[in-house]
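Asks: just to be clear, the model below is a prediction. Sequence and coordinates:
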Amino acid sequence: MNERKHVIILGGGITGLAAAFYVQKHAKETGKPITFTVIEASDRLGGKIDTIKEDGFVLERGPDSYLARKTVMTELVKDVGLGDDLVSNETGQAYILHNMKLHPIPEGAVMGIPTKVMPFATTPLFSVAGKARAGLDLVLPKRKNAQQDISVGHFFRRRLGDEVVDRLIEPLLSGIYAGRIDRLSLQSTFPQFVETEEKYRSLIIGMKKTQPKKENAPIAKKKKGVFLTLKGGLSSFIEALSNAVPKESIKTGVHVKAVERSEDGTYSVMMEDGSVLIGDHVIVTTPYPITKKLFGESLFPLGFHDTKPTSVATVAMSFNEEDVNFSLDGTGFVIAKSENTSITACTWTSRKWPHTTPKGKVVLRCYVGRAEDQDIVQQPDEVILEKVLDDLKKIMGVDARPEFYHVSRMIDSMPQYEVGHKEYVKKLRTAFQNELPGVKLAGAPYDGVGLPDCVNSAKMAVDSLFSSK
Ligand code: FAD
């Protein structure tokens, strides 16, 4: 009997490379003769991860960091030898733009939910009526059908009212999904809030109870950031991951065109250049519109990612320190939809991540491209830059031109997790299990868009391949 197994991994982003790493790990640990091939369409590995390193700057085109509490990513970073390169963010006040003025996010707001009375009661961000409406959370009963998925917007509007949602929660959360909060699935994005309501009824009480208590913390140390990145940028992680597997197991510049199951249960992966690779298993990490084309629409349940993924662009700009006379201390701001700006958020990169910027320079990184305003992403670089500079002048008083800038477009890059997402993914995986049992789906379209979610989904895909054998 032929014991040798070959796994073909489609896509060389973080999910595909993490999958390759875990397949290799499994083979080493079990001593089984398992080989694998990663096929990546572009000439570059990393997918959405793309770091620019020049003249002492470390600038990210796509993701810039990940949530430290999701430890699966940190474990993998350490596994590939980069543990010493991990850096956490500098903490500081974050702001929200309302009526073209930056307001500090009230102290104690956890994902926008107030857990401290005074900062919330005194902030000019909300009207008296808005604050009173949010206070109703303390007495409102919990939802009856807690297990039924609803939108993030629907859930928070019921508990805290429209004002807190539109002016605080929506801008904070939509930065992660670049989506519409009133369509975003609560179950798939923030299931912890379902649990909080279920357990404590009131979100304000629940969040207050579950926050670490100050008195228990060791003597006033500087607050540690909740995000992590790598000194050499996230691309250094991609490089280390790809170096951890044999060179010949990764093929770049090769487009997968179709995948077919043969009668003997193996899979033929056909490339656009006419070549074919045979595998016993396939792990698919391509963006889902591509995956749909590769496997045919009929396997995908109606409703699965019905809404097109959104496109965003980021503009990273470097200024001379003396040109940016900006007195507020902090790490950046997000913007409510009601504001008349092109930018949706701005990270004060050189303050949040000092290792990214040489002394004497200031780096600002702005996002453009709301779900409702996608046209801007397709504008020429210079047009986007002018709109961004115009906004920065009005908001931060920055009246200088950057010494250099990079506009990075990520087209159709943000999958929209809409109400019912979890159920659709379950149906989809069942359909694959029935029709193509050796094919596993992993990556941003399914189990979370964050980098650690992608790593975890690669791990689960590999586990499920080998646990079913
Ligand atoms: P991808 O990175 O999309 O990789 C898929 C790969 O498949 C690509 O390399 C593609 O070229 C390849 N491919 C496509 N078609 C084919 C084909 N036919 N044949 C072969 N290969 C093919 N997450 C965080 O945790 N923190 C952040 O700060 C953060 N910021 C973000 C900022 C932006 C602007 C964006 C767009 C996303 C951000 N995310 C962030 C989300 C995170 O970056 C992504 O969810 C994650 O990188 C997706 O990884 P992936 O491997 O699943 O997919």
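Replies: Received it, and whenever you're ready, just let me know what you need. Predicted, not measured: the structure shown is a model, and the values here were computed from it.
Asks: residue 5 and residue 34 touch, don't they?
Replies: Yes: applying Cβ atoms under 8 Å as the test, residue 5 and residue 34 come out as touching, 4.8 Å apart. No exception for glycine: its C-beta is placed from N, CA and C like everyone else's.
Asks: distance-wise, check residue 303 relative to residue 285.
Replies: Plainly put, residue 303 is 22 Å away from residue 285 if you go by Cβ to Cβ, to the nearest Å.
Asks: which of the two has more neighbours?
Replies: Taking neighbours as other Cβ atoms under 10 Å, residue 303 and residue 285 compare with residue 285 leading, 31 against 13.
Asks: thought that one was touching residue 443?
Replies: Yes: Residue 285 lies in contact with residue 443 (Cβ under 8 Å); the separation is 4.1 Å.
Asks: what touches both of the two?
Replies: 11, 13, 15-16, 458 (Cβ atoms under 8 Å, 6 or more residues apart in numbering).
Asks: neighbour-wise, which one of the residues you listed leads?
Replies: Busiest of these [other Cβ under 10 Å] is residue 15, holding 32 neighbours.
Asks: in which helix or strand would I find that residue?
Replies: helix 14-30 (DSSP states H and E).
Asks: that helix vs the ligand: in contact?
Replies: Yes: counting by Cβ under 6 Å from any ligand atom, the ligand has neighbours in helix 14-30: 14-16.
Asks: pLDDT averaged over that helix - what is it?
Replies: Averaging pLDDT along helix 14-30 gives 97.
Asks: next one: stretch 3-11
Replies: Averaging pLDDT along stretch 3-11 yields 94.
Asks: returning to that earlier point: which among the shared contacts of residue 285 and residue 443 gets closest to residue 132?
Replies: residue 15 (45.4 Å; Cβ to Cβ).
Asks: wait, doesn't the closest one sit right on residue 446?
Replies: No: using Cβ under 8 Å, residue 15 is not in contact with residue 446; the gap is 9.6 Å.
Asks: which residues are common contacts for those two?
Replies: Going by Cβ under 8 Å, 6+ apart, residues that sit against residue 15 and also against residue 446 are residue 457.
Asks: is the ligand within reach of the helix or strand following the helix holding residue 15?
Replies: Following helix 14-30 in sequence order, the next helix or strand is strand 34-40 (DSSP H and E). Yes: Strand 34-40 is in contact with the ligand by Cβ under 6 Å from any ligand atom, via 39-40.
Asks: in its sheet, what does strand 34-40 sit against?
Replies: strand 5-10 (parallel), strand 250-252 (parallel) (DSSP bridges).
Asks: of all those, which one is nearest the ligand?
Replies: strand 5-10 (5.4 Å; Cβ to the nearest ligand atom).
Asks: the closest one and the ligand, any residue contact?
Replies: Yes: interface with the ligand: strand 5-10 contributes residue 10 (Cβ under 6 Å from any ligand atom).
Asks: just the angle between that strand and helix 14-30, please?
Replies: 170 degrees (axes from the mean of the first three to the mean of the last three Cα atoms, to 10 degrees).
Asks: export strand 5-10 to CSV, keeping only CA atoms.
Replies: C-alpha atoms of strand 5-10 as CSV (Å, rounded to 0.1, in the frame of the first residue of the first chain):
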residue,chain,number,x,y,z
LYS,A,5,0.7,11.3,1.0
HIS,A,6,0.9,14.6,-0.8
VAL,A,7,-0.9,17.8,0.4
ILE,A,8,-1.4,20.6,-2.0
ILE,A,9,-1.9,24.0,-0.4
LEU,A,10,-3.6,26.7,-2.6
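Asks: could we number from 194 for the rest of this?
Replies: Renumbered: residue one is now 194, and that last one reads strand 198-203.
Asks: how about the strands of the stretch 544-662 of the chain, start to end?
Replies: Ranges of strands in the stretch 544-662 of the chain, per DSSP state E, counting those that start in this stretch, are 554-561, 597-607, 632-634.
Asks: residue 373 is nearest to which of these?
Replies: strand 597-607 (11.3 Å).
Asks: mean confidence for stretch 403-414?
Replies: Computed over stretch 403-414, the mean pLDDT rounds to 59.
Asks: in the stretch 244-393 of the chain, what residue is nearest the ligand?
Replies: At 3.0 Å from the ligand, residue 256 is the closest residue in the stretch 244-393 of the chain, using Cβ to the nearest ligand atom.
Asks: from residue 224, how far out is that residue?
Replies: 36 Å.
Asks: ok, now which ones touch the residue nearest to residue 473 when sequence neighbours are not counted?
Replies: With sequence-adjacent residues excluded and distances taken as Cβ to Cβ, 6 or more residues apart in numbering, residue 473 is closest to residue 198, at 4.6 Å. Going by Cβ under 8 Å, 6+ apart, residue 198 touches 225-228, 473-474.
Asks: among the residues you listed, name the buried ones.
Replies: The neighbour count (16 or more other Cβ atoms under 10 Å) marks 227-228, 473-474 as buried among the contacts of residue 198.
Asks: which intervals of the chain have sub-threshold pLDDT?
Replies: 194-195, 406-415, 661-662 (pLDDT under 70).
Asks: how about the residues of the protein by the ligand?
Replies: So far as Cβ under 6 Å from any ligand atom goes, the chain lies against the ligand at 203-209, 232-235, 240-242, 255-259, 448-449, 478-480, 483, 505, 507, 603, 606-607, 636-637, 642-644, 647.
Asks: hmm, which of those are the buried ones?
Replies: Buried residues within those, defined by neighbour count using 16+ other Cβ under 10 Å: 203-209, 232-234, 240-242, 255-259, 449, 478-480, 483, 505, 507, 603, 606-607, 636-637, 642-644, 647.
Asks: hang on, the earlier thing: between the residues of helix 207-223 next to the ligand, which sits nearest the ligand?
Replies: residue 208 (3.5 Å).
Asks: ok now stretch 466-473, how far from the chain's centre?
Replies: Centroid separation for stretch 466-473 versus its chain: 32 Å, with Cα atoms, centre = their mean, to the nearest Å.
Asks: check stretch 342-354 too.
Replies: 22 Å.
Asks: one more: stretch 294-314?
Replies: Here stretch 294-314 is found 24 Å from its chain centre; the criterion is Cα atoms, centre = their mean.
Asks: distance check, the closest residue to residue 657 other than its chain neighbours against the ligand.
Replies: By the measure of Cβ to Cβ, 6+ apart, the closest residue to residue 657 outside its immediate chain neighbours is residue 633, 6.0 Å from it. Per Cβ to the nearest ligand atom, to the nearest Å, residue 633 is found 13 Å from the ligand.
Asks: count of residues packed around residue 633?
Replies: Residue 633, neighbours per other Cβ under 10 Å, totals 26.
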